[in-house]
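Participant: no FASTA, just this:
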């Protein structure tokens, strides 16, 4: 009977763990997506709340008034910054799309020139690699032809969809702003209401999870975004000096690629420098490598100070979490997979999975004992 009670407890713990895992993987993303304006509003409220507290202490104004003031200020700054950045990106993107036929033709000519120079090496390749290279060239040519011939003019139905989307975006923006205001203005009341409804053990577990999540994810993303912004500035200045077209767009794209784990500025700059070298543009190739080295030096100097020990997981575990995240949410999953993995590792170190692990060990031990005769 005693063993039976232990097995029942083990099964209950396993069921709770499995249900929690399924909820986190399948239901939670859908719930967050459904309430996305409130999620964004909550994030804005977390950014604004420290400033609200500062104003309460220094200016001695009523909290609701300070909340409205801070939210308006934060949104104004964010919108102004985003507008400036997005306008540059949209302008360069529009110009890039307009110049796409010319760019494609120029790239094709450069690749043909590089291919001519590499013919001597190409002959030495094994037949399998030759077939792969030929197939890659054919695929690139076919994709470029389709891209150039595609009619991008919107139909009447598509124009109606765009108008509907604009209205929806405006509505969601209003809801986001209002929710941010209420999350700040009614923060204490909401906290008290939740604590009255929820059991103490749930509140304790929630507080533990949120605190660790803030430390791990907040520290990681804050550091990585700072590094990414610095790299954007360096790359933009470097590309402007090289008189590269779409310099800001390229700087943002390469810096974002560097933000992803196991990638970096070298994933773009090294092949680019190699092509320039093969084309005989030696100065441009050297300057691209110099830009890459500057980015790497600054990143190596800043990253230990900014990130510190916030990652806390080894490279192999990082690769696994990144892969799992990609399988679930594609590129977004690659980004959020690492901090979620950091939180899981932290929870494991704190012993939150000890009951489940101990239950597995008991079951496996009893099964092995039962098999003996």
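Facilitator: Good, I have the coordinates. These numbers come from a predicted model, not from an experiment.
Participant: residue 352: what secondary structure?
Facilitator: Following DSSP: H, G, I helix; E, B strand; the rest coil, we place residue 352 in the coil state.
Participant: that one and residue 83: what is the separation?
Facilitator: To residue 83, residue 352 is 43 Å away according to C-beta to C-beta, to the nearest Å. No exception for glycine: its C-beta is placed from N, CA and C like everyone else's.
Participant: which of these two has more neighbours?
Facilitator: Neighbours per residue (other C-beta atoms under 10 Å) separate residue 352 from residue 83, with residue 352 holding more: 16 against 10.
Participant: angles on the backbone of the more buried one, please.
Facilitator: Reported as degrees, to the nearest 10, the phi and psi values for residue 352 are phi -70, psi -20.
Participant: same question for residue 279.
Facilitator: phi -80, psi -10.
Participant: please apply the same query to residue 244.
Facilitator: The phi/psi pair for residue 244 (degrees, to the nearest 10) is phi -80, psi 130.
Participant: which residues touch the residue nearest to it when sequence neighbours are not counted?
Facilitator: Sequence neighbours aside, residue 250 is the residue nearest to residue 244 in space, at 6.6 Å (criterion: C-beta to C-beta, 6 or more residues apart in numbering). Counting by C-beta atoms under 8 Å, 6 or more residues apart in numbering, residue 250 makes contact with 235, 239, 244.
Participant: neighbour count, pLDDT and distance to residue 337 added to the residues you listed, as a markdown table?
Facilitator: Converted to a markdown table, the contacts of residue 250 look like this (neighbours: other C-beta atoms under 10 Å; pLDDT from 0 to 100; distance: C-beta to C-beta, whole Å):
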| residue | neighbour count | pLDDT | distance to residue 337 |
| --- | --- | --- | --- |
| 235 | 27 | 92 | 25 |
| 239 | 21 | 91 | 30 |
| 244 | 16 | 87 | 32 |
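Participant: could those go into TSV alongside distance to residue 9?
Facilitator: Shown next, in TSV, are those (distance: C-beta to C-beta, whole Å):
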residue	distance to residue 9
235	57
239	62
244	64
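Participant: out of these, which comes closest to residue 359?
Facilitator: residue 235 (51.4 Å; C-beta to C-beta).
Participant: what about that closest one, is that helix, strand or coil?
Facilitator: helix.
Participant: and what of residue 245?
Facilitator: coil.
Participant: separation between it and residue 99?
Facilitator: Counting by C-beta to C-beta - residue 245 and residue 99 are separated by 8 Å.
Participant: and for residue 354?
Facilitator: Counting by C-beta to C-beta, the gap from residue 354 to residue 99 is 60 Å.
Participant: more neighbours: the two, which one.
Facilitator: Neighbour count, other C-beta under 10 Å: between residue 354 and residue 99, residue 99 has more, with 13 against 10.
Participant: report the contact partners of that one.
Facilitator: Taking C-beta under 8 Å, 6+ apart, one finds residue 245 in contact with residue 99.
Participant: please apply the same query to residue 333.
Facilitator: Taking C-beta under 8 Å, 6+ apart, we find residue 333 in contact with 324, 325, 326, 327.
Participant: how about a cut-off of 10 Å?
Facilitator: Neighbouring residues of residue 333 by C-beta atoms under 10 Å, 6 or more residues apart in numbering: 321, 322, 323, 324, 325, 326, 327, 340.
Participant: and what of residue 10?
Facilitator: When contacts are counted by C-beta under 10 Å, 6+ apart, residue 10 touches 355, 356, 358, 359, 360, 361, 362, 363.
Participant: switch to 7 Å and redo it
Facilitator: 359, 362, 363 (C-beta atoms under 7 Å, 6 or more residues apart in numbering).
Participant: which one of those residues is nearest to residue 87?
Facilitator: Nearest to residue 87 out of the contacts of residue 10 is residue 359 (C-beta to C-beta; 56.8 Å).
Participant: which elements pack onto the helix or strand encompassing that closest one?
Facilitator: Taking DSSP states H and E as the definition, residue 359 sits inside helix 354-371. Helices and strands touching helix 354-371, by 3 or more C-beta pairs under 7 Å, 6 or more residues apart in numbering; DSSP states H and E, are helix 2-22.
Participant: thinking again about what came up before, now the contacts of residue 333: which count as buried?
Facilitator: 321, 322, 324, 325, 326, 340 (16 or more other C-beta atoms under 10 Å).
Participant: neighbours of residue 358, just the number please.
Facilitator: Neighbours around residue 358, by other C-beta under 10 Å: 12.
Participant: against residue 372, how distant is it?
Facilitator: 22 Å.
Participant: swap in residue 351?
Facilitator: 31 Å.
Participant: what do you get for residue 198?
Facilitator: 47 Å.
Participant: the two: which has the busier surroundings?
Facilitator: With neighbours defined as other C-beta under 10 Å, residue 198 and residue 372 compare such that residue 198 has more, 13 against 5.
Participant: once you drop chain neighbours, what's closest to that one?
Facilitator: residue 206 (7.5 Å).
Participant: what is the mean pLDDT for the host helix or strand of residue 337?
Facilitator: Using DSSP H and E, the element containing residue 337 is helix 315-350. Mean pLDDT, helix 315-350: 77.
Participant: any idea how far it is from the chain center?
Facilitator: 11 Å (C-alpha atoms, centre = their mean, to the nearest Å).
Participant: in the strand or helix carrying residue 291, what counts as buried?
Facilitator: Using DSSP H and E, residue 291 sits in helix 282-307. Buried residues in helix 282-307, counted by 16+ other C-beta under 10 Å: 284-285, 287-289, 291-292, 294-296, 299, 306-307.
Participant: packing partners of the helix or strand harbouring residue 222?
Facilitator: If you go by DSSP H and E, residue 222 is part of helix 219-241. Here helix 219-241 touches helix 247-259, helix 282-307, helix 315-350, going by 3+ C-beta pairs under 7 Å, 6+ apart.
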